[in-house]
Every structure is written in structure tokens, then in C-alpha cells.
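Visitor: Sharing a model that was predicted from the sequence below.
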Amino acid sequence: MSIRKALITAAGPSQRRLPLQALTDRNGESKAALAIILDEMLSAGIEQVGLIVSPADRAAYESVLAAYVKSLVFIEQATPGGYGHAVYCGREFVGGEKFLLQVSDHLYVSNQEKSCTRQLLDVAEAEGCAVSAVQATHESQLRFFGTVAGSLRAGRPGLYQIDNVIEKPTPTVAEQQCVVPGLRSGHYLCFFGMHVLTPTVFTLLAEDKAALAPEAKLGLSPALARLATRESYLAAELAGRRSDLEAQFGVLRAQIALGLNGSARTEVLALLAEELAVDASKTAVRR
């Protein structure tokens, strides 16, 4: 069964303006980072996208994304209740369907003609279950990502059965609980920022929400950890990489990645070579 709906979270305090950052896409067009994400989703076959925003930012997003009005539904997160709460706000929009979930401050660059989004949808539709995209990540970066524990499926390179999910573990905790056979030492499977989930996740989030104090933040990782005990839940390594716009030089890195994987690759390489040559000459003069 094809996956028709998607949620994008853009209401987090650190996310709210990054998705509006202008970048040059693979075809040389200047557009908001979120527009690049939407283009990839729609090209992959997604029909409707629910964008979760802060009420204070809705007008800005509506203005920048006016071209997507037929495919886009705005969902307001009235209070910043955490990532899990943002996802929970999309439960009525999703209904009883499997859905794609992405964050708004990551761009994805595929190593093949098929986009990262389409790769994940293909796995989820073939397997008929929840699937989270993951990327082998060095332990120095664990503080930024949810991390999974699991085992490689026999005869299925890059596909893992998830046993547990831990949000931003320390290297010590990861070494004790998240080692996955076959990965390089000091590397762990961390979330890519892209998931296909079943409606069961909303039931789990509701249970967590009911157990929390009113002012507590609702996370997603605890619900995903329990999802692995309720139904089949897989992790898939995709042929591509993520660019976290929130990271130091994240926007710059994303722009370089888009340029090197687009129609202007030769021009981008020439520009980088020119800048490196200028920098080398300055260094030589200082010496």
C-alpha cells in the first residue's frame, strides 16, 4: 500500500527560521530549504503534507510556501511541548494511515538517482511496517541524535531489526546498549531525520502524554522504543547522507552538497578550487 501522507515538524524553537533559509537547489534555483524538502517529497509520490508550525510563524511559512498550497496543510503547535508533542499534533491529519515523518532542518543528498525519501518509502512499502532511516555516526556526534540498537537482517545488507531506541545517549551508554554487529568501532546507527511510522505511534504518544506532568516535554524516542515491542520496526541505511542545517556551518555544508550533486557540479568544483587557492596564497604570505 502506497504512503500518501507526510508530516514535517517546523515548530521547535531552534527550527523555526532555518527552514526558510534560502539555498540554491540542484537545478540552480534559489528557494527555501523547506521548499527543497517538499519538492523531494512530492516527487517521491507523497500527496499531502502536514506542516507543524508555531502560530507565530504561520504567516511567514504561508508566504514562502504559497506555491505548495494544494498539497500543504498547516497544523499549529500552540505551545512548544517537545518533538513528540509536535508529531502528536498531526494525528487527525494522518488518520489511520502509515505516514512519512521528516524534520525541517535537515536536507538529504542521495548517492543515486532515486531520492532518499523514495528509497525509504520503497523499503517501508515492501516490508509493510514502520521503518526509520539511519546513518552510521561517530560517537562524538551522539549528543545530537536518537540512536538505535538492533541486529542486521539475514541476507539484507543495510536493513536492521530495531530492538530499542535511546535518545542522545552518551558514548558509554551507547557502548553498553547500542552496539550493532558489523559497524566500525565507535560508530552507531543514529536517526537520519526521516521515518515511516504507523498510527500506533500516536497511541504510544498519548500514553506518554497522560503519564507526564503538564509542563513536561513529550519526546518521540520513548514511544519509538516501545513501538519496537508492539510491532515490526526496522531501520534502513539509505544511499545518501543528511545535512543538518542546525549544525555549525550546516547551511554551508548543505549548499556545497547540493551544488556538488546538481547540474552545476563543475562550476562548484571550480569555485571551491579557486577559494582554496586564494586561501593557500594568503597562508604563504603570512608565513
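Guide: That came in fine, so what should we check first? Numbering: from 1, shown residues only.
Visitor: can I assume Ser43 is in contact with Cys116?
Guide: No - Ser43 is beyond contact range of Cys116, at 11.5 Å (criterion: C-beta atoms under 8 Å). Where C-beta positions appear, they are placed from N, C-alpha and C, glycine not excepted.
Visitor: what about the two, which has more around it?
Guide: It is Cys116, of Ser43 and Cys116, that has more neighbours when counted by other C-beta atoms under 10 Å, with 26 against 11.
Visitor: contacting residues for that one?
Guide: Shown in contact with Cys116 (C-beta atoms under 8 Å, 6 or more residues apart in numbering): Glu40, Tyr108, Val109, Ser110, Ala133, Phe192, Met194, Leu238, Ala239, Gly240.
Visitor: Not counting its neighbours along the chain, what's nearest the fourth one?
Guide: Which is Ser110. Gly240 (4.1 Å; C-beta to C-beta, 6 or more residues apart in numbering).
Visitor: again, but for the third one
Guide: In space, not counting the residues next to it along the chain, Val109 is nearest to Ala257; the distance is 4.5 Å by C-beta to C-beta, 6+ apart.
Visitor: State the distance from that neighbour to Arg26.
Guide: 10 Å (C-beta to C-beta, to the nearest Å).
Visitor: Which helix or which strand is home to Ala254?
Guide: Assigned by DSSP states H and E, Ala254 falls within helix 250-260.
Visitor: residues in contact with that helix?
Guide: 18, 21, 23-26, 33, 36, 105, 107, 109, 241, 243-245, 247, 265, 267-269, 272.
Visitor: hmm, 7 Å instead?
Guide: Helix 250-260 is contacted by residues Gln21, Leu23, Thr24, Asp25, Arg26, Leu107, Val109, Ser243, Asp244, Leu245, Arg265, Val268 when judged by C-beta atoms under 7 Å, 6 or more residues apart in numbering.
Visitor: all helices for this protein, in order.
Guide: Assigned by DSSP state H, the helices in the chain fall at 33-43, 58-64, 83-88, 91-94, 116-127, 171-177, 200-211, 221-230, 250-260, 265-286.
Visitor: for those helices, which one sits closest to Ser151?
Guide: Taking C-beta to C-beta, helix 221-230 is the member of the helices of the chain nearest to Ser151, at 11.7 Å.
Visitor: Nice, that's everything, thank you.
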